[in-house]
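Colleague: The sequence isn't on hand, but the structure is:
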Ligand SMILES: [Mn+2]
Ligand SMILES: [Mn+2]
Ligand SMILES: [Mn+2]
Ligand SMILES: [Mn+2]
């Protein structure tokens, strides 16, 4: 990207921060906040122009008071300040923020000193609900803390007006689509009712980003959004909602645009997809419509090791000897000890990383006598593991069957 | 008050705004917000230095999302801006706001442009609760919208550090005591465990205001705070919690200080005390420690007429003639028509004043046959009255008895 830095947009991209998740768990209650703070610190350190969030900032639709207070405090602490914002807001804020009481981008409010504006769509966890159909992001927006966009209200037709930004010669259009039911959105796309409103002036000069929060992988026939539905004029799609981090830009199926999927910044479920290294992205876009994604590994994520064990693979006799001695328990215990050692390799040295790991071992059993009380078993690891009572997941081993010829 | 205006503090004093009260009533849902907005407009129009609130800003401990959004929007709209704040904050904010994550007075935050800082204690409606013991005011405070003070955390001893402000030669000390249980506070006062921490420097030069939110009238032996408990060095006590507006400064029982009781800015209960004209106060304090209270009548309060009728006073035969004709109903109906006419006299001409009145008639009956279904009766007034089903309150007439000689 051989251009002067001054024209290049620098954007910190993150999604699914799930603030407040596990807030009632004394061990894990701060995890989401520690990493959100790490992300904000990164934004400051990397001197980005803005932060772009892909939804599910909050875990609960109605975040608790401590959660809201902590979130507002962090945003005010790191994104307000004196460094000037170096890009212009070109589109009509009344159009971009039309659901809002005060449709102004926060960094242009003369009463607020915003250094790093945050732009966010909502996810399915923090979508509008209740009387007046407000969402938690609306609270942040009315306080001038974020710029909440991409909300649709029409159930029959979606017109997406992009946020248009200019930094020197670089033109950036951001199409936001906040979370809606996959089936409904699938249907609207199918019937051609999702319109992307492109700027008429120098239409081809814009770098076009879309940020959305939907199922990316296919769950059922219409319960996801195929990449082929999205307009091929797009340059980069930022996919929220999926928690697995796939930060390297990947060409879409039809080679039309690149896709990045930052994934959640906190482990919300103990599945394999959440056990990979979590990153956010530093996205740079220059005036030649070139972009670069730099993966920024998160240092404060709690170590999480996921593994499978299939008891059928073990030659030894696993039948319980008596009520107290179960060879399966011994086998699993030693396996878990190895996982705990592996988890230590995930320590980053960041002073705020929690060190007690999350451990999840899926145990495929062949015979129910091989099962034991996983919760009681967990007590032995109380001092070593963050989720002692939920480490083991038993499931019945199924011989692979060939499809029957019917 | 023959002093230069520049040295004189101008403070808008209000209390018990009860934002969100009746928010589910389609007729009354906006009442609290309309009047809160009127108060904020008054603050701007009267060019006050600050707004001082006496608690119960919110009606619900956990205000709804629309309520929070509306409140934040109004505060940001009217209290942020370019006019400079002309007084100095002299006390230690870490001491005044020690419960807060970010103990800074909002108008001195370099990232916020605050024109009229709001200072508020909490009331019993919006007191801290739940995990972390946060209250709704904490959300406004962390967003930089208000300065929340006067919170005590020690259950055994209360030390009140005043907010110390200087405008030219005028020195103002504000002692805030957010709502706590009357019985507990009564006990703490009795055992001398409530300490007012007076500034050592030029102790006698300060004008001393106390703002509290407690029962003022005696309910039971220890379920209120007698004025005699309060320190005689005080000059003015602002009493929150009581909803009747008693805005004229009145000397306390022991002639030690003056008391004003602004009352609620919205009718929350249909009692006689809420049917008087509601005011907020413009408080001016000059460098000679003189003060002046100007009552500012609120123009947007919904008209409310309260009356009593005693059926025993009526000579006519009030026995029902049949199932359909009840002379009491006719009598009451004509009485209510008169009250509705009286309510029209309460129209102020303010474009935002709701005009459908609140009507409350207490009917003292002598015989149960005189009662009727007040809710069904109310249907006749659906188009004329804001509370048709709750207009009538029946109560049994009691002959006054002389105390027995026991
Ligand atoms: Mn989601
Ligand atoms: Mn999510
Ligand atoms: Mn009250
Ligand atoms: Mn109260």
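Modeller: Thanks, I have it. All values reported here derive from a predicted model rather than from experimental measurement. Ligands and ions are numbered 1, 2, ... in the order given.
Colleague: Can you name the residue of chain A nearest ligand 4?
Modeller: Nearest residue of chain A to ligand 4 (C-beta to the ion) works out as residue A:65 at 19.6 Å. C-beta here means a position set from N, CA and C on the backbone, and glycine is covered the same way.
Colleague: can you list the residues of chain A near ligand 2?
Modeller: Within chain A, the positions near ligand 2 by C-beta under 5 Å from the ion are A:16, A:56.
Colleague: Quick one: name the residues of chain A near ligand 1.
Modeller: Checking chain A against ligand 1 by C-beta under 5 Å from the ion, the hits are A:56, A:123, A:124, A:241.
Colleague: Swap in 6 Å and give it another go.
Modeller: By the rule C-beta under 6 Å from the ion, the part of chain A lying against ligand 1 is A:56, A:123, A:124, A:125, A:213, A:241.
Colleague: For the stretch 301-406 of chain A, give me the ranges with low pLDDT.
Modeller: Applying pLDDT under 70 to the stretch 301-406 of chain A picks out residues A:315, A:400-406.
Colleague: should've said chain A
Modeller: For chain A (pLDDT under 70), the answer is A:1-5, A:315, A:400-406.
Colleague: Can you find the residue of it that comes nearest to ligand 3?
Modeller: Closest point on chain A to ligand 3, by C-beta to the ion, is residue A:65, at 20.3 Å.
Colleague: so residue A:218 makes contact with residue A:224?
Modeller: Yes: using C-beta atoms under 8 Å, residue A:218 is in contact with residue A:224, at 4.9 Å.
Colleague: more crowded one of the two?
Modeller: Between residue A:218 and residue A:224, counted using other C-beta atoms under 10 Å in any protein chain shown, the more crowded position is residue A:224 (19 against 11).
Colleague: Spatially nearest residue to the more buried one (excluding sequence neighbours)?
Modeller: The shortest distance from residue A:224 to any non-neighbouring residue, by C-beta to C-beta, 6 or more residues apart in numbering or on different chains, is to residue A:215 (3.8 Å).
Colleague: What distance do you get for that neighbour to residue A:188?
Modeller: Note on residue A:215: its distance to residue A:188, by C-beta to C-beta, to the nearest Å, is 15 Å.
Colleague: rewinding a little: just name the closest of the residues of chain A next to ligand 1 to residue A:375, please.
Modeller: Taking C-beta to C-beta as the measure, residue A:375 lies nearest residue A:125 of the residues of chain A next to ligand 1, at 27.4 Å.
Colleague: Tell me how many other residues crowd residue A:203.
Modeller: 11.
Colleague: How about residue A:135?
Modeller: 27.
Colleague: can you pull out the helices in chain A?
Modeller: All helices of chain A, identified by DSSP state H, fall at A:31-45, A:65-79, A:93-96, A:136-142, A:182-190, A:327-344, A:374-378.
Colleague: check contacts around the residue nearest to residue A:145 when sequence neighbours are not counted.
Modeller: Spatial nearest neighbour of residue A:145, chain neighbours left out: residue A:75 (4.6 Å); criterion: C-beta to C-beta, 6+ apart. Counting by C-beta atoms under 8 Å, 6 or more residues apart in numbering or on different chains, residue A:75 touches A:40, A:118, A:140, A:145, A:146.
Colleague: Turn those into CSV, columns for distance to residue A:307.
Modeller: Converted to CSV, the contacts of residue A:75 look like this (distance: C-beta to C-beta, whole Å):
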residue, distance to residue A:307
A:40, 33
A:118, 37
A:140, 39
A:145, 41
A:146, 39
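Colleague: Which two of those have the greatest separation?
Modeller: Farthest pair in the contacts of residue A:75 (C-beta to C-beta) is A:40 and A:140. Separation: 13.5 Å.
Colleague: Between the two, tell me which one has more neighbours.
Modeller: Legend: neighbour count by other C-beta under 10 Å for residue A:40 and residue A:140, higher for residue A:140 (25 against 20).
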